[in-house]
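J.: The following block contains a protein sequence and its predicted model.
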Amino acid sequence: MKPTPTDPFRRFWIPLILLIALCIVVNQGFPMRDLTRDPSQFYVKGKVQTFLDNVIIHSHRNITRRWYRPTYRRDRPVIEKDRSWEHITYFTYSNYCVLRDPLDGLFKCWYEDLQLFPERQEKGKSMPTFSRQLYAESSDGIHWRKPEFDFVQEDDRKTNIVLGSGAGGGHNVHSMNVVIDPYPPSSDQRFRALFTHRTPDLPGHTKTVACAHSPDGIHWQLYDKTPMIGMSGPRLDDVSVLFYDHNSREFVQNTRHFLKGPGGGGAPRGGIHQFASDSRRRIWQSRSHDFIHWSEPVLVAAVDEEDGLDEQFYGMAQYKLGTIHLATVGVYRHVDNEMDVQLLISRDGLRWKQTAKRQPFLAPRGKGYRDTHMVALVSAPIEVDDELWFYVGGSACHHDWWLKGLREGLDHPEAHDPTLARFSLELATLRKDGYASLYANPYRQGTVTTQSMMSQGTKLVINARCGSQGSIRVEVTDEFDETIGSCSKENCDAFTGDNVSHIVSWKEDPSIPVQSWRRLHFYLQDAELFSFHFADSQQQ
């Protein structure tokens, strides 16, 4: 058949026009489908459900959301510089880590000791530094001890140096983070650590990524193999925070790419500033099954046009709460040279969004406190009784004026005297699952209806708090809003107290008939609801 004159137009120009139209739509910010609303999100089983986003909420009336921050438990630090061999106890991203060992129950902390050599600094160059890792432990999480070992001795005295200065086979060990492997290939690999390894020659500052393993967090040994991160090999920037993904049995590191700067993608003079691609610090994620071979880092979190002009994401600690991922990200404000912490939420661990209208989850308390200018949250909170314990790195100095001020000629006391740098470890606590609540006042009854969820749990457990005249009642229905069994609002025994794990009952019977899909209707008066979950599942 003889081709018509319109054939080239149909074959080439129409597809091209459609492609251009698609690009315009994407660039104009037309919303893509919200994948968090996919029904797969409502397979909750017995996992805790919170209200940090609206995914689980179907409808509500006379309800508001309240956000909460951790509060400091004591006025003085739990760990600070108090040994003759300590120089700068560097409690910031990612230079410390606190975990609770499930085997012996001890709280264990690894923290960096940073030594400065201003007398060796050359004009226009960075100040030479030397780092090693120190260890402390506690049986109650409040009173800490620094056990002394003979790995490294100084002035004929044992120290708590466990890695670096020759201990564990390492020399200059900087920015180390630790993770506990729940399925170690051998007993001596139960603790894993990733860090920046610098050569002993201080002026050179040649650095690569290295890793070590330990049976107890004290006796460390470097791996024979060098870790390889995607195409970059043993190369990353110097902030990396570890997380273990139990679902995939993978190690996850939230880190920085060594090409964190604008490079060739920077805006031309007079051009538009591209926040996500041009901010110097942002968060990449890389995964590994063996702690040696890591996937190519993927950019997962960065500031945008709604953040401050000088704000950057400095480092990010990730952990799970029920079916969601949470992260505490350090937000560095370059002009003030200070840092606070924001709380991020994700449904898949890759796509993150800020909470609490971008207000700080934790902020420096200001003059007179050990956290005058900066705070950091590098480790996941540790659940103790009915609370979450957050170990906060606090700084009485600015981010880098004490480190770079001399080179830049800054007229600030820290630039003239780097020994003014002071860091310590603080303890702050929060109610279990108490990041945010749904609240109804005493005057109008609030109602919250959830999405239909799939669970075989036969009991409903709520984390809630009521005012002096407050109450909470619950009705359980199927996906068609038909009451399941006797679990109606009228039959519900009103909850009037303050409990992180109250079992709801109906005429003193806590049983919920087995039903794959169920929807919850909460009725609140002068009360707030933090979380809920189904328990006693007949099918795991």
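T.: Thanks, I have the structure now. Residues are numbered from 1 along each chain as shown.

J.: quick one, domains of the chain?
T.: 37-68+436-537, 71-431 (automatic domain parsing).

J.: tell me, which of those is the model least confident about?
T.: Among the domains of the chain, domain 71-431 carries the lowest mean pLDDT, a mean of 90.

J.: what about that domain, how long is it end to end?
T.: One end of domain 71-431 to the other measures 10 Å (C-alpha to C-alpha, to the nearest Å).

J.: swap in stretch 283-297?
T.: In stretch 283-297, first residue to last residue: 9 Å (C-alpha to C-alpha).

J.: mind checking how far residue 210 is from residue 118?
T.: Distance, residue 210 to residue 118, using C-beta to C-beta, to the nearest Å: 27 Å. C-beta here means a position set from N, CA and C on the backbone, and glycine is covered the same way.

J.: the more surrounded of the two?
T.: The residue with more neighbours, out of residue 210 and residue 118, is residue 210; 20 against 13, by other C-beta atoms under 10 Å.

J.: which stretch of helix or strand covers that one?
T.: For residue 210, the host element (DSSP states H and E) is strand 207-214.

J.: Check which helices and strands that strand sits against.
T.: Under the contact criterion of 3 or more C-beta pairs under 8 Å, 6 or more residues apart in numbering; DSSP states H and E, strand 207-214 touches strand 191-198, strand 221-222.

J.: Tabulate the ones you listed (JSON lines), appending mean neighbour count and distance to residue 40.
T.: Below are the helices and strands packed on strand 207-214 laid out as JSON lines (neighbours: other C-beta atoms under 10 Å; distance: least, C-beta to C-beta, whole Å):
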{"stretch": "strand 191-198", "mean neighbour count": "24", "distance to residue 40": "31"}
{"stretch": "strand 221-222", "mean neighbour count": "16", "distance to residue 40": "42"}
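
J.: Would you reformat those as CSV and include distance to residue 104?
T.: Below are the helices and strands packed on strand 207-214 laid out as CSV (distance: least, C-beta to C-beta, whole Å):
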stretch, distance to residue 104
strand 191-198, 12
strand 221-222, 20
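
J.: Mind checking the ones you listed for the one nearest to residue 434?
T.: strand 191-198 (29.7 Å; C-beta to C-beta).

J.: How about residues contacting the closest one?
T.: The contact list for strand 191-198 (C-beta atoms under 8 Å, 6 or more residues apart in numbering) reads 110, 131, 133, 163, 170-181, 205-217, 220, 227, 236, 238, 240, 242, 251, 253, 291.

J.: Mind jotting down where the helices sit in the stretch 1-150 of the chain?
T.: Remark: helices assigned in the stretch 1-150 of the chain by DSSP state H, counting those that start in this stretch are 7-8, 14-27.

J.: Where among these is average confidence lowest?
T.: Across these, helix 14-27 gives the lowest mean pLDDT, at a mean of 52.

J.: does residue 328 count as helix, strand or coil?
T.: Recorded secondary structure, residue 328: strand (DSSP: H, G, I helix; E, B strand; the rest coil).

J.: Apart from its chain neighbours, what residue comes closest to it?
T.: Nearest residue to residue 328 in three dimensions, chain neighbours excluded: residue 377, at 3.8 Å (C-beta to C-beta, 6 or more residues apart in numbering).

J.: same deal with residue 45?
T.: In space, residue 45 is closest to residue 455, 5.5 Å off (C-beta to C-beta, 6+ apart).

J.: Isn't that neighbour up against residue 518?
T.: Yes. The pair residue 455 / residue 518 is scored as a contact, 6.9 Å apart, by C-beta atoms under 8 Å.

J.: for residue 419, helix, strand, or coil?
T.: Three-state call for residue 419 (three-state DSSP): helix.

J.: Quick check: it vs residue 92, distance?
T.: Separation of residue 419 from residue 92 (C-beta to C-beta): 17 Å.

J.: and what of residue 224?
T.: Residue 224 is 31 Å from residue 92, by C-beta to C-beta.

J.: Looking at the two, which one has more neighbours?
T.: Legend: neighbour count by other C-beta under 10 Å for residue 224 and residue 92, higher for residue 92 (23 against 6).

J.: circling back: closest one to residue 409 among the helices and strands packed on strand 207-214?
T.: Using C-beta to C-beta, the helices and strands packed on strand 207-214 put strand 191-198 closest to residue 409, at 26.0 Å.

J.: Show me the contacts of strand 191-198 that map onto strands.
T.: Counting by DSSP state E, those place 110, 131, 133, 163, 172-180, 207-214, 240, 242, 251, 253 in strands.

J.: just the buried members of those residues?
T.: Neighbour counting with 16 or more other C-beta atoms under 10 Å marks 110, 131, 133, 163, 172-180, 207, 209-214, 240, 242, 251, 253 as buried within the ones in strands among the contacts of strand 191-198.

J.: partner residues bridging residue 392?
T.: residue 426 (DSSP bridges).

J.: Give me the buried positions along stretch 332-339.
T.: Of the residues in stretch 332-339, 332, 333, 334, 337, 338, 339 count as buried by neighbour count, 16+ other C-beta under 10 Å.

J.: dump the residue contacts of the residue nearest to residue 328.
T.: Residue 377 neighbours (C-beta under 8 Å, 6+ apart): 317, 328, 330, 341, 361, 362, 390, 391, 392, 393.

J.: which one of these is nearest residue 308?
T.: residue 330 (14.0 Å).

J.: check which helix or strand covers the nearest residue to the closest one once chain neighbours are set aside.
T.: Once flanking residues are discounted, residue 330 sits nearest to residue 314: 3.9 Å by C-beta to C-beta, 6+ apart. If you go by DSSP H and E, residue 314 is part of strand 311-321.

J.: helices or strands next to that strand in the packing?
T.: Under the contact criterion of 3+ C-beta pairs under 8 Å, 6+ apart, strand 311-321 touches strand 240-245, strand 250-255, strand 283-288, strand 324-333.

J.: Can you list the helices and strands that the first one packs against?
T.: Pointing back at strand 240-245 there. The contact analysis (3+ C-beta pairs under 8 Å, 6+ apart) places strand 240-245 against strand 172-180, strand 191-198, strand 250-255, strand 311-321.

J.: same thing but 10 Å
T.: Helices and strands touching strand 240-245, by 3 or more C-beta pairs under 10 Å, 6 or more residues apart in numbering; DSSP states H and E, are strand 172-180, strand 191-198, strand 250-255, strand 283-288, strand 311-321, strand 324-333.

J.: Output those in a markdown table; the columns should cover distance to residue 368.
T.: Formatted as a markdown table, those follow (distance: least, C-beta to C-beta, whole Å):
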| stretch | distance to residue 368 |
| --- | --- |
| strand 172-180 | 29 |
| strand 191-198 | 34 |
| strand 250-255 | 33 |
| strand 283-288 | 32 |
| strand 311-321 | 24 |
| strand 324-333 | 20 |
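
J.: closest one to residue 298 among the ones you listed?
T.: Closest approach to residue 298 among the helices and strands packed on strand 240-245 is made by strand 283-288 (5.4 Å; C-beta to C-beta).
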